[in-house]
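Visitor: Pasting the sequence and the predicted coordinates here, then a few questions.
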Amino acid sequence: MKNEDWKKKLTPEQYQILCEKGTEAPFSGKYVHTKDKGVYQCVACGAELFSSDTKFDSGTGWPSFSEVMVNDKIELVSDNSQGTKRTEVICKNCGGHLGHVFDDGPTPTGKRYCINSACLNLEKKE
């Protein structure tokens, strides 16, 4: 997707995070404390990324998930920016930056996908 198309579709905050690899302030995102059931989708392209069943309160200030719904929906890329080694999470469908994954999550995966709320849309299910 061209930058002009992204700018038309996304809010300025979404554009800054998805396209410029930004982040939202901790505890400011709309899904940090959400306990609603459903599927979290990429706000840019609609790809189904995370189930609410894998969401947990990590205390970090961002929505956290222990696993991805379908592994081929994301791409993991080494990120050495900001003087630290991290693993960036990218939507494989549209290339948008979603957040980072860490190895300090709950069992059985041990993963914590730390994702910006602004990158997500929750498709609620009863």
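Guide: Received the coordinates, thanks.
Visitor: Tell me which residues touch the closest residue to residue 19 other than its chain neighbours, please.
Guide: On the basis of Cβ to Cβ, 6 or more residues apart in numbering, the spatially nearest residue to residue 19 that is not a chain neighbour turns out to be residue 6, at 5.4 Å. Quick note: C-beta positions are derived from backbone N, CA and C, even for glycine. Residue 6 makes contact with 15, 18-19, 44, according to Cβ atoms under 8 Å, 6 or more residues apart in numbering.
Visitor: Pop out the phi and psi values for residue 6.
Guide: Geometry field for residue 6 lists phi and psi as phi -60, psi -40, criterion degrees, to the nearest 10.
Visitor: ok, now how distant is it from residue 110?
Guide: When Cβ to Cβ, to the nearest Å is applied, the distance between residue 6 and residue 110 equals 33 Å.
Visitor: packing partners for the helix ranked longest in the chain?
Guide: Using DSSP state H to define each element, the chain has its longest helix at helix 12-20. Helices and strands touching helix 12-20, as assessed by 3 or more Cβ pairs under 8 Å, 6 or more residues apart in numbering; DSSP states H and E, comprise helix 3-9, strand 97-102.
Visitor: That helix to strand 97-102, inter-axis angle?
Guide: 70 degrees (axes from the mean of the first three to the mean of the last three Cα atoms, to 10 degrees).
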